[in-house]
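J.: coordinates only, sequence not included:
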């Protein structure tokens, strides 16, 4: 018998911390076999202990590496008898601060991980998803994919791309029996919020809180990911502010723009 022992199988990128780790714990607690992937091997070791060594396996994966994606997923499905019920494209990075303050390397990193990594994951995962009845692709976007976010311009652009990709693939993949969901969190307590603007020692989390904006726990996001896996909707939102942002971007874009202009997020040195 396989290591998965007939359990449903989920593969998660960026699983060493944040939403990825919280989701891994949620799925393992529900009896799923979890593929934990990241470039942080120390974090992955701790993550596997957190979910229980018999409930998953770890894989070093740099989502920017297309060939690695194919090899790692092939190794994972060897443990599940070819089963891949859910692939969660969660890995992502953000660089905070004015658009003209970031070096090219920071811009390229966001594009390569947040867009190219998600595309590569979807392409590599499709054969296994097609082979598993009722499978689902979950892409983690952001509320920054609803309306361009000041001081997060490139990150916002990547999350718009993830949203667009999700919407297109949900239509394209229906004939294969594979559905797609796009999870769009408001700001969540993850390592991404620890980044600071160039030339500033204030983190994104500090700036958010000083502006009176909420930051939600990762468990809230994991719960929404769980619901997205079992639901039929395309878009899922994490946090009350996310739902408000969704409504405002659709029905009050002018008011939303004025609100964003007043935020301290764009007032960086």
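T.: Thanks, I have the structure now. Bear in mind that the values here come from a model prediction, so they are computed numbers and not experimental data.
J.: tell me the buried residues in stretch 157-170?
T.: For stretch 157-170, burial by neighbour count (16 or more other CB atoms under 10 Å) applies to 157-163, 165-166, 169-170. (Each C-beta comes from the backbone N, C-alpha and C, glycine too.)
J.: so where's the stretch 101-250 of the chain shaky on pLDDT?
T.: The model of the stretch 101-250 of the chain has pLDDT under 70 over residues 190-213, 242, 244-250.
J.: show me where it has its helices.
T.: For the stretch 101-250 of the chain, the helices defined by DSSP state H, counting those that start in this stretch occupy 104-110, 117-130, 153-172, 204-210, 218-230, 240-251.
J.: neighbours of the closest residue to residue 157 other than its chain neighbours, how many?
T.: Closest residue to residue 157 apart from its sequence neighbours, by CB to CB, 6 or more residues apart in numbering: residue 148 at 7.7 Å. Neighbour count for residue 148, taken as other CB atoms under 10 Å: 14.
J.: pretty sure residue 148 contacts residue 158?
T.: No. When contacts are counted by CB atoms under 8 Å, residue 148 is not listed as touching residue 158 (11.6 Å).
J.: of the buried residues of stretch 157-170, closest to residue 81?
T.: Among these, residue 169 lies closest to residue 81 (CB to CB), at 25.2 Å.
J.: buried residues in stretch 118-134?
T.: 118-122, 124-126, 128-129, 132.
J.: now swap in stretch 93-100 and tell me
T.: Along stretch 93-100, these residues count as buried under the neighbour rule (16+ other CB under 10 Å): 93-98.
J.: average pLDDT for it?
T.: Averaging pLDDT along stretch 93-100 yields 90.
J.: chain center to that stretch: distance?
T.: 18 Å (CA atoms, centre = their mean, to the nearest Å).
J.: what's the answer for stretch 47-54, then?
T.: 21 Å.
J.: contacts only, for residue 93.
T.: Contacts for residue 93 (CB atoms under 8 Å, 6 or more residues apart in numbering) come out as 109-110, 113-114, 155, 192.
J.: can you select the buried ones among these for me in PyMOL?
T.: Buried residues among these (16+ other CB under 10 Å), as a PyMOL selection:
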select buried, resi 109+110+113+114+155+192
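J.: which of the contacts of residue 93 sits closest to residue 4?
T.: Using CB to CB, these come closest to residue 4 at residue 113, 27.8 Å.
J.: which non-adjacent residue is nearest the closest one?
T.: residue 93 (5.2 Å).
J.: A strand includes that neighbour, no?
T.: No. Counting by DSSP: H, G, I helix; E, B strand; the rest coil, residue 93 is located in no strand; its state is coil.
J.: can you tell me how far it is from residue 165?
T.: Between residue 93 and residue 165 the distance is 17 Å, computed by CB to CB, to the nearest Å.
J.: try residue 155
T.: 16 Å.
J.: could you single out the nearest of the buried residues of stretch 93-100 to residue 178?
T.: Nearest to residue 178 among these, with distances taken as CB to CB, is residue 93, at 26.8 Å.
J.: so how far is stretch 17-29 off the chain centroid?
T.: The answer for stretch 17-29 is 12 Å, by CA atoms, centre = their mean.
J.: identify the residues contacting residue 137.
T.: So residue 137 contacts 86-87, 89, 122, 125, 129, 166, 169, 173, 178-181 (CB under 8 Å, 6+ apart).
J.: any chance of those in CSV, plus distance to residue 232?
T.: Below are those laid out as CSV (distance: CB to CB, whole Å):
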residue, distance to residue 232
86, 14
87, 17
89, 19
122, 19
125, 20
129, 16
166, 14
169, 15
173, 14
178, 13
179, 7
180, 11
181, 9
